[in-house]
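# Sharing a model prediction with you, sequence too.
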Amino acid sequence: MGQPKFSSEEVNAMMRKVADWQIANLKEGVEHDDLDWRRAVLYMGMVDWAELVEKKEGNSAYYQWLLRLGRKNHFQMGKWLYHADCIAVGQPFIDLYLRYGDKIMLGPVMSRADWIVANPSHTPMMLDYGKIETLYRWTWCDALFMAPPVYAKLYALSGDRKYLNFMDKEYRASYAYLYDKQDHLFYRDGTYFGKKEANGKKVFWGRGNGWVLGGLVEILQVLPSDDSFSRFYQDLFVELSGRLAELQCPDGYWHASLLDPSSYPSPETSSTGLIVYALAYGINQGLLDREKFLPVVSKGWKALCEAVNSDGKLGYVQPVGGAPDKVSRETTEVYGVGAFLLAGCQIYQLSLN
């Protein structure tokens, strides 16, 4: 068996440095909504990190930080009723409910999900992002990280298949719409059908495909392996994992454009974090071959650590967008940190095996 080229102590120290920098530098204001998808991804990474720290050290400080943010916002969802980005924060809130058992942490997300399941949107998959109705369905691949795991977690929690049936129906609609079965990658949304990169290849966004693969992890973590729906998600996870492993660049990163990385030569840590997270999870769960994928994961984690400044700031995070774009060492965003922490917790587990 191949052995990872990192130690649990080094992984732990790096995650602590990144987490502490982000907590100390968390921005406030209208453009930094506590309940939007960007913060949701950060909280998801922090939940995994908080669990690791509590188990290892008996220290609940990171859980307490999450609780303060949740209580400050009364564990509410985002403002837009159907928008996947506005339900994403339900994922860490469900996790906090499972940790503390306080129903106030669960009530808002369950109420939102119950209403949507009872009143599903019948808007067709659309290409017109000038119309708000386009966002009523999961018409962009990022949404497959933001919303489906909420329904999967509610099913795992309640045993009520209405959540899983809704998730599966909507997920398969998005898959049929956005997945390119020739290239085994997801388009970001329908506006990219037929578009080409400078090298003539199709436009497949690194972070977008990272969102999908990371979202599959969140689903597989709670979906029973013997459930009738599990085979579809497991097969898609394995297929997409294999394809993305092929597209890792020599520097260890996945760049903003998967099929034309030379047009976007800078590292990109949000896509890399999400993909490393998923591949490490796959190895840990026996879904991916350790000998084949461990070198990919090790190289990716090393690259991520190289993007961390001495003070703990994670750089090379592509700003908010919907397509490949340029990035620098100074650009950071909270969702990149969330992805880093998700990856680090799986790497930590991998380092112990």
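Thanks, I have it.
# going forward, measure contacts between C-alpha atoms and count neighbours the same way
Noted.
# The stretch 101-250 of the chain: helices as residue ranges?
Listed in chain order, the helices of the stretch 101-250 of the chain (DSSP state H, counting those that start in this stretch) span 107-118, 143-146, 148-158, 161-178, 206-220, 230-246.
# export the ones you listed to CSV and tack on mean neighbour count, distance to C305 and mean pLDDT?
Formatted as CSV, these follow (neighbours: other C-alpha atoms under 10 Å; distance: least, C-alpha to C-alpha, whole Å; pLDDT from 0 to 100):
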stretch, mean neighbour count, distance to C305, mean pLDDT
helix 107-118, 17, 34, 98
helix 143-146, 26, 24, 98
helix 148-158, 22, 28, 98
helix 161-178, 18, 32, 98
helix 206-220, 26, 18, 98
helix 230-246, 17, 19, 98
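# Serialize those helices to TSV and add fields for distance to E330.
Listed next are the helices of the stretch 101-250 of the chain as TSV, based on distance: least, C-alpha to C-alpha, whole Å:
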stretch	distance to E330
helix 107-118	35
helix 143-146	26
helix 148-158	31
helix 161-178	32
helix 206-220	18
helix 230-246	26
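# Please name whichever of those is nearest to Q349.
Distance to Q349, taken as C-alpha to C-alpha, is lowest for helix 206-220 among the helices of the stretch 101-250 of the chain, at 15.1 Å.
# What lies in contact with that closest one?
141-146, 148-149, 152-153, 185-188, 230, 233-234, 237, 240-241, 254-258, 270-272, 274-275, 277-278, 281, 322-324 (C-alpha atoms under 8 Å, 6 or more residues apart in numbering).
# now stretch 129-145
Contacts for stretch 129-145 (C-alpha under 8 Å, 6+ apart): 82-85, 88, 121, 123-128, 170-171, 174, 177-178, 186-190, 208-209, 211-216, 218.
# repeat that with 7 Å
By C-alpha atoms under 7 Å, 6 or more residues apart in numbering, the residues outside stretch 129-145 that reach it are 82-85, 121, 123, 125-126, 128, 174, 186-189, 208, 211-212, 214-215.
# for that stretch, the distance to its chain's centre please.
How far stretch 129-145 lies from its chain's middle: 17 Å, per C-alpha atoms, centre = their mean, to the nearest Å.
# What residues sit buried inside it?
Buried positions in stretch 129-145, judged by neighbour count with 16 or more other C-alpha atoms under 10 Å: 133-145.
# what about Y155, distance to R161?
Y155 sits 6 Å away from R161, going by C-alpha to C-alpha, to the nearest Å.
# go on, Y187?
As judged by C-alpha to C-alpha, Y187 and R161 stand 29 Å apart.
# can you check Q346 too?
29 Å.
# Which pLDDT value does the model give P324?
Confidence at P324, expressed as pLDDT, is 77.
# pretty sure it is in a helix, no?
No - counting by DSSP: H, G, I helix; E, B strand; the rest coil, P324 is not found in a helix; it is coil.
# Spatially nearest residue to it, not counting backbone neighbours?
Excluding the flanking residues, the one nearest P324 by C-alpha to C-alpha, 6 or more residues apart in numbering is A256, at 4.7 Å.
# Tell me the confidence at the one you found?
93.
# S257 reaches W205, doesn't it?
Yes - in this structure S257 lies within contact range of W205 using C-alpha atoms under 7 Å: 5.0 Å.
# so what sits against both of those two?
Counting by C-alpha under 7 Å, 6+ apart, the contacts common to S257 and W205 are P324.
# Quick check: the gap between the residue most central in space within the chain and E28.
In the chain, the residue lying closest to the centroid (C-alpha atoms, centre = their mean) is G214, at 4.3 Å. G214 sits 27 Å away from E28, going by C-alpha to C-alpha.
# Which residues are in contact with K299?
Neighbouring residues of K299 by C-alpha under 7 Å, 6+ apart: G252.
# Give me the distance between it and P224.
Taking C-alpha to C-alpha, one finds K299 at 31 Å from P224.
# other SSEs contacting whichever helix in the chain runs longest?
Criterion DSSP state H: the longest helix present in the chain is helix 37-57. Applying 3 or more C-alpha pairs under 7 Å, 6 or more residues apart in numbering; DSSP states H and E, we find helix 37-57 packed against helix 61-72, helix 90-100, helix 334-352.
# which stretches of the stretch 51-200 of the chain have low pLDDT?
127 (pLDDT under 70).
# again, only using 80
The stretch 51-200 of the chain contains residues with pLDDT under 80 at 126-130.
# What is the burial count for L294?
Here the count is done by other C-alpha atoms under 10 Å, and L294 has 21 residues near it.
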